[in-house]
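K.L.:
I'll drop the sequence and a predicted model, then ask my questions.
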Amino acid sequence: MSLTAEAKRGLLRTMLRIRRVQERIESEYLKDEMKTPVHLYIGQEAIASGVCATLRTRDAINSNHRSHGHYLAKGGDLKAMMAELFCRSTGCSKGYGGSMHLVDVEHGNMGTSAIVGGGIPIGTGLGLAFQMQKLDRVSVVFFGDGAADEGTLYESLNYAMLKKLPVVYVMENNGWAVCSPTLTRQCGDNVFHKGAPDRLFSAKIDGNDPELVYETTFQAVERARKGEGPSFIECTTYRILGHAGCVAQDPKGYRDPAEIEAWRERCPVCAYQAKLVSEGVVDAQALAAAEAEIKAEIDAAFAFARQSPLPTAADLHQNLFCE
Amino acid sequence: MPWSRIKPDTNEPEYLSQDMHGSATHAAVTSEPFLQHSPGIRRISYAEATNEALSQALSLDPRVFVMGQGVDDPSGMFGATRNLHLTYGRERVFDTPLAETALSGIAVGAALGGMRPVYFHNRPDFLLLAMDQLVNHAAKWHYMFGGAVSVPLVFWACVGRGWGSAAQHSQALQGLFMHVPGLKLIMPSTCFDAKGLMLSAIKDNNPVLIIDHRMNFKQRGIVPEEPYTVPIGKGVIRRNGRDVTVVAVSHLVTEAFVAAQELAGEGIEAEVIDPRTLRPLDEELILESVARTGRLVVCDTGWKTGGVTAEIAAMVAEKGFGSLKAPIARVANPDLPTPAGYTLEQAYYIGKDDIRRAIIRTVRGQEA
Ligand SMILES: Cc1ncc(C[n+]2csc(CCOP(=O)(O)OP(=O)(O)O)c2C)c(N)n1
């Protein structure tokens, strides 16, 4: 499965867009206009971008507290996302959800849980629903190494293997859960990536390589569509910024600055950009044009969010139950 | 089987109303003994009523499926799901791994994906493992996303009692769930309601929890064959009375009714209300009754502190204080884990006599 130049440009464009959106949120966060805890995706862009590039609109994704990248890569509207971060009525969740609870039904994003591990069974259940209705749809679950500590992953994987559900589990091992490194929480180098190959297609890959993420997920999604069951893909990556909020809010002293530096050197966006330039797939001019377009889109989305109405006390009691 | 010794099979009492048409107030004013003596009526067991509801839902709506530990085994969840898999296949009526946490989330996901799951747990005790998905996820999914998504889901669990079931197999946890906005909570007490409320729950676009009781499963009652729904959030008056309002849930409706019948001979007329749904609660029905009687006794199969009796008593104290002529009495299980030994069990569980004493105390100001 080799990617066309067009597809490669698409991947880079998605990564770049996520990166610039995250950077803008970071740089404006201390203005206190976005009154919601943000978990930035900087450093992990290759994963959401590579995975979602293999999916169709009607395929589902399920994500976690660090959801901006997943939402955008799956086709989410930036204006609706920014309005949600500004807690406006025009937000994707009408201001009821905030940064950790993005939704986009049109693109198969059926709602985001900020309970670590909480979305894993829900994404599995979406796979069950697709299978029962004989729909040609796949469900992808994104979660972190922290969520891999939770029992829901073990229970869900077992069930997905038992029923051969069309589910792809994408674990983003960014080395950290808040301030705890993976190896203080898990014995050894993650337990799950060595699943029985006949029942679980599993792979452990460099999550900073978008083409590898794409190719691996492509195989997993093909399997799922053919009814061959679930897959588990562990993507190694790194959370370059702090757990939540902006850089100034990240406590110092829990990780080695040299570790952060080493991963900054391996920035997936810069590396992929350099690769595509050297391959002649993009040039400086095209890059500048893409940057300008993205900047304009971000400016417009922030302006839209700022100008949008806030929900009022009259909205408080809406939407508890569905009619 | 021990259950036959705990409670023999019995016909339901001749309630004022079985609310065949979902109109509680209508039944209250006509005060005709309902249907019990009509010819050609069908009396079936509680399990058969629940089973019939599921069977009709499965045949009417291809999105409905039934899951849970043992739903397709020979005992079929006390009979509630027995043999459904033979008619509808194991694709739609299936056993689950012992993984309540994830399977609850899988049910939520399946609901989001267009299905209507009915997830059976044979005991509420096991729902504690499903708490994360029920409370953190299902109950919030519609609100948290501004109405963009909904979770049409039914959870069912059946309170155990007796035969040394002990502390981890007999908890009546409705108080915990009544606390949660976004969940609907149903506790039926008759065969008619077991069927009609199950069909309503499956039709509802929200997460609905049905907490049933093993005692109810010893009943036989009048149940029409065709599918029908009983409205969620509507209680019913089971007996009219001028002196005191007794609100009782689940199998305690029968206990309260029998206590009230006995007291009629002693000059006390108790009105018995079956709320049927705890959330949303039919506050109007209770307040209207208390406005007439001026007195309230609340009975629940769960614990007293912070539970259903506390909530209903507080609601009446807040909204109906002006009607009250006596302190509100609560009849609930003591704040203790359930003991196993039968002498301890006997001391633990409340029933007809406790309700009777509470009624007398409330009406006469003293127990004798
Ligand atoms: C059940 C639960 N426990 C704890 C938390 C608090 N918490 C939020 S994010 C997080 C770390 C999650 O780590 P990981 O899954 O690796 O995702 P990452 O933040 O690294 O992207 C924790 C502990 C939570 N939200 N939910």
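P.N.:
Happy to help now that I have it.

K.L.:
Not counting residues beside it along the chain, what's closest to residue A:242?
P.N.:
Of all residues beyond its chain neighbours, the one nearest residue A:242 is residue A:250 (2.7 Å), with distances taken as C-beta to C-beta, 6 or more residues apart in numbering or on different chains. Heads up, the C-betas are built off the backbone N, CA and C, glycines and all.

K.L.:
and for the helix or strand harbouring residue A:183, what are the contacting residues?
P.N.:
Remark: residue A:183 resides in helix A:182-185, with elements defined by DSSP states H and E. For helix A:182-185, the external contacting residues (C-beta atoms under 8 Å, 6 or more residues apart in numbering or on different chains) are A:145-146, A:149, A:173, A:175-177, A:190.

K.L.:
Of these, select the buried ones using a PyMOL command.
P.N.:
Buried members of these, identified by 16 or more other C-beta atoms under 10 Å in any protein chain shown, are gathered into one PyMOL selection as follows:
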select buried, chain A and resi 145+146+149+173+175+176+177+190
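
K.L.:
Now narrow the contacts of helix A:182-185 to whatever sits close to the ligand.
P.N.:
Contacts with the ligand within these, counted by C-beta under 6 Å from any ligand atom: A:145-146, A:176-177.

K.L.:
how about a markdown table for the residues you listed, with distance to residue B:271 and secondary structure added?
P.N.:
Rendered in a markdown table, the data for these read as follows (distance: C-beta to C-beta, whole Å; DSSP: H, G, I helix; E, B strand; the rest coil):
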| residue | distance to residue B:271 | secondary structure |
| --- | --- | --- |
| A:145 | 60 | coil |
| A:146 | 55 | coil |
| A:176 | 62 | strand |
| A:177 | 57 | strand |
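
K.L.:
Closest to chain B out of those?
P.N.:
Using C-beta to the nearest C-beta, residue A:146 is the member of those that sits closest to chain B, with 15.3 Å.

K.L.:
Is the residue nearest to the closest one when sequence neighbours are not counted bridged to anything, and to what?
P.N.:
Nearest non-adjacent residue to residue A:146, counting by C-beta to C-beta, 6+ apart: residue A:177, 3.1 Å away. When bridges are taken as DSSP bridges, the partners of residue A:177 come out as residue A:180.

K.L.:
ok, now which ones touch residue A:177?
P.N.:
Under the criterion of C-beta under 8 Å, 6+ apart, the contact list for residue A:177 reads A:116, A:144-146, A:149, A:185.

K.L.:
cutoff 10 Å now
P.N.:
Applying C-beta atoms under 10 Å, 6 or more residues apart in numbering or on different chains, we find residue A:177 in contact with A:116, A:144-149, A:184-186, A:239, A:243.

K.L.:
Check residue B:142 too.
P.N.:
Contact partners of residue B:142, counting by C-beta under 10 Å, 6+ apart, are A:96, A:111, A:319-322, B:148-151, B:182, B:205-207.

K.L.:
can you give me the strands for the stretch 1-150 of chain A?
P.N.:
Under the criterion DSSP state E, counting those that start in this stretch, strands of the stretch 1-150 of chain A are mapped to A:60-62, A:139-144.

K.L.:
quick one: which of these is nearest the ligand?
P.N.:
Put simply, out of the strands of the stretch 1-150 of chain A the one that sits nearest the ligand is strand A:139-144, at 2.5 Å, with distance taken as C-beta to the nearest ligand atom.

K.L.:
Please pull up the helix or strand immediately following that closest one.
P.N.:
helix A:151-163.

K.L.:
got the CA positions of that next one in PDB?
P.N.:
Below are the C-alpha coordinates for helix A:151-163, written out as PDB (Å, rounded to 0.1, in the frame of the first residue of the first chain):
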ATOM      1  CA  GLY A 151      -9.600  -3.000  33.100                       C
ATOM      2  CA  THR A 152     -11.900  -1.800  30.400                       C
ATOM      3  CA  LEU A 153      -9.300  -2.400  27.800                       C
ATOM      4  CA  TYR A 154      -8.800  -6.000  28.700                       C
ATOM      5  CA  GLU A 155     -12.500  -6.600  28.900                       C
ATOM      6  CA  SER A 156     -13.200  -4.900  25.600                       C
ATOM      7  CA  LEU A 157     -10.400  -6.600  23.700                       C
ATOM      8  CA  ASN A 158     -11.600 -10.000  24.900                       C
ATOM      9  CA  TYR A 159     -15.100  -9.200  23.700                       C
ATOM     10  CA  ALA A 160     -14.000  -7.800  20.400                       C
ATOM     11  CA  MET A 161     -11.900 -10.900  19.700                       C
ATOM     12  CA  LEU A 162     -14.800 -13.200  20.900                       C
ATOM     13  CA  LYS A 163     -17.200 -11.500  18.500                       C
END
